[in-house]
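A.B. asks: Fold the following for me, if possible:
(2 chains)
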Number of protein chains: 2
Amino acid sequence: MILTVTLNTALDITYRVPRLTPHASHRVGEVTERPGGKGLNVARVLAALGRSVTVTGFAGGATGAALRAQLAEASRVRDELLDVAGPTRRTVAVVDERTGDTTQLNEPGPLISSAEWARFRTSYEELLDSADAVALCGSLPPGVPVGAYAQLVRAARAAQVPVLLDTSGEPLRRGIAARPDVVKPNADELAELTGSHEPLRATRDARRRGAHAVVASLGADGLLAATPDGAWQAAPPAPVRGNPTGAGDSAVAGLLAGLVDATPWPRRLTHAVALSAATVLAPVAGEFDAAAYEDFLAKVSVQERASAA
Amino acid sequence: MILTVTLNTALDITYRVPRLTPHASHRVGEVTERPGGKGLNVARVLAALGRSVTVTGFAGGATGAALRAQLAEASRVRDELLDVAGPTRRTVAVVDERTGDTTQLNEPGPLISSAEWARFRTSYEELLDSADAVALCGSLPPGVPVGAYAQLVRAARAAQVPVLLDTSGEPLRRGIAARPDVVKPNADELAELTGSHEPLRATRDARRRGAHAVVASLGADGLLAATPDGAWQAAPPAPVRGNPTGAGDSAVAGLLAGLVDATPWPRRLTHAVALSAATVLAPVAGEFDAAAYEDFLAKVSVQERASAA
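C.D. replies: Numbering: from 1, shown residues only, chains lettered A, B, ... in the order given. Modelled structure (predicted):
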């Protein structure tokens, strides 16, 4: 099975209002609620592709219970989330129906105790025994050490399980030094890590920091990969209009499937870009338009870039 | 015991953000969560005054479970809320720390089935058997008939239990025609009901529509009452600065206690105004500053107005 880790899961709530006016009172017309957090989105996409997938991380309180109930309903993902004392955070997206713009309010997440973190690492190492690959996704909740992903990368390498890291800031900086197989920063995360806004240079710089391969997600420009086998850029035939939330998570799902199957990089990137573009066409993160995915597979262009450093 | 009815209970969530910017993403610094809905606030104030109090209405889903757990923790209120299939609504108040202003997002509430509504009425009539007074508070959730409060007022009168109604719009218009003992509109609700913005005229007009007594809450101007015994205005010695949320609910708590004890109107209004003003000094609805309440009791002024119509 494929394992995804989401330490800071979230109950994602979306409110639609006719118009958002600061300091006014609003009756919310439509409320939707779904299990959130990058690793959960990755897992749902992998499950929809027919992969056996397990999720772990933390869930707690009434919001955690709601998240787990909805996860069980919505997908064939195996739930190995650990119960914690603090409540799972909510994220609230307020969609202004007049402009289509979204105002986002993100709670910080529960305070994880050191005992809970120790319990997680034990459970994680047990899950690695039956994992073909593992993805470590998203932000860290309060209380989890900033070097958490470095610890989890090292444990995966010790268990000989290929590991992909998708996070940002200091957790990325520390995690990449533990030599994960793949990191997948977006353009902002890559620039923050390397100080360079030139994607090819920054991608190669990130590789030198420890990652075996770096795949940068560049929005409408697709994916740019620096790998031991070479460097490639894969892009959809034209910019895809829709809801980009979760597009990066679907790219991670494609990269993980390719990692397990040891698919050659150009083909692996094609799948990841096609999944990502098909996700932009779906209304919510963690889902994709299956027909569009098949269609994009034939249309994604892959170009080799000057040989990797 | 005193019974309060809250058909559209809410889990009240407050987010503090450094500055609310539409269409941007915000990390919420501080999250607080508490049981909400007018009737629950009234009940908590009555419980703090040492009264035996029972709450009923609807609660459902993970939000309903969280609300009930917090209610049990926070107060000595007896919980007779009915479990329903739909989830209890959330309200989200986003406080801009720069200006202190609040942006409010209110979910509509669960859809109540006709079977759930019928079950409620049976349970309500049973609770009336041991009630000394009942308050009917707040908005109606979807699915509950607009004439709901008229039905509940008639049932209370049939059981010879004094009944106070605190709602707005069409549910108030229909409910008042069923002849409740007291209605407590605020200035906007009173103007909407009667078409008049002149408080004394509007209060008397509301009485003619069926209420035995009308007590209008006029913010800093206190309470204006039109009753069979006369008309009075009771006001705090000076405008009180603070958080006015829940001030009207505390006035209802004071009026209910006076209804049960058959306190003469001037004294009854004094208690209600003092409680209301002491609530403005407390940080959240459903609580009041006990020392300030005692202090206000000696300072509230009550003036008789020209004899009631």
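A.B. asks: got the angle between the helix or strand that contains residue A:64 and helix B:61-74?
C.D. replies: Following DSSP states H and E, one finds residue A:64 within helix A:61-74. Helix A:61-74 runs at 160 degrees relative to helix B:61-74, counting by axes from the mean of the first three to the mean of the last three C-alpha atoms, to 10 degrees.
A.B. asks: Hmm, residue A:176 is touching residue A:165, no?
C.D. replies: Yes. Assessed by C-beta atoms under 8 Å, residue A:176 is found in contact with residue A:165 at 6.8 Å. Glycine gets a C-beta too; all of them are placed from N, C-alpha and C.
A.B. asks: okay, these two: which has more neighbours?
C.D. replies: Comparing residue A:176 with residue A:165 by neighbour count (other C-beta atoms under 10 Å in any protein chain shown), the higher total belongs to residue A:165, at 27 against 24.
A.B. asks: Do I have it right that that one meets residue A:177?
C.D. replies: No. Assessed by C-beta under 8 Å, residue A:165 is found out of contact with residue A:177, at 10.8 Å.
A.B. asks: Give me the common contacts of residue A:176 and residue A:165.
C.D. replies: Common contacts of residue A:176 and residue A:165 (C-beta atoms under 8 Å, 6 or more residues apart in numbering or on different chains): A:183, A:211.
A.B. asks: Give me the secondary structure label for residue A:127.
C.D. replies: The three-state assignment at residue A:127 reads helix, by DSSP: H, G, I helix; E, B strand; the rest coil.
A.B. asks: who's in contact with it?
C.D. replies: A:3, A:54, A:56, A:80.
A.B. asks: Chain B contacts on chain A?
C.D. replies: A:13, A:15, A:17, A:20-29, A:31, A:61-63, A:65-66, A:69, A:90, A:92, A:94, A:96, A:99, A:101-108 (C-beta under 8 Å from any C-beta of the partner chain).
A.B. asks: Please flag which of the residues you listed sit within helices.
C.D. replies: A:61-63, A:65-66, A:69 (DSSP state H).
A.B. asks: For the stretch 201-309 of chain A, which segments count as helices?
C.D. replies: A:247-261, A:265-280, A:290-297 (DSSP state H, counting those that start in this stretch).
A.B. asks: Export these as CSV, with columns for mean neighbour count and mean pLDDT.
C.D. replies: Listed next are the helices of the stretch 201-309 of chain A as CSV, based on neighbours: other C-beta atoms under 10 Å in any protein chain shown; pLDDT from 0 to 100:
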stretch, mean neighbour count, mean pLDDT
helix A:247-261, 25, 97
helix A:265-280, 25, 96
helix A:290-297, 16, 95
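A.B. asks: how about TSV for those, with distance to residue A:8 added?
C.D. replies: Converted to TSV, the helices of the stretch 201-309 of chain A look like this (distance: least, C-beta to C-beta, whole Å):
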stretch	distance to residue A:8
helix A:247-261	14
helix A:265-280	21
helix A:290-297	28
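A.B. asks: What residue in the stretch 151-300 of chain A comes nearest to chain B?
C.D. replies: residue A:245 (11.5 Å; C-beta to the nearest C-beta).
A.B. asks: That residue reaches residue A:285, doesn't it?
C.D. replies: Yes. Counting by C-beta under 8 Å, residue A:245 touches residue A:285, with 4.6 Å between them.
A.B. asks: Same drill for the two, tell me which one is more crowded.
C.D. replies: Neighbour count, other C-beta under 10 Å: between residue A:245 and residue A:285, residue A:285 has more, with 25 against 21.
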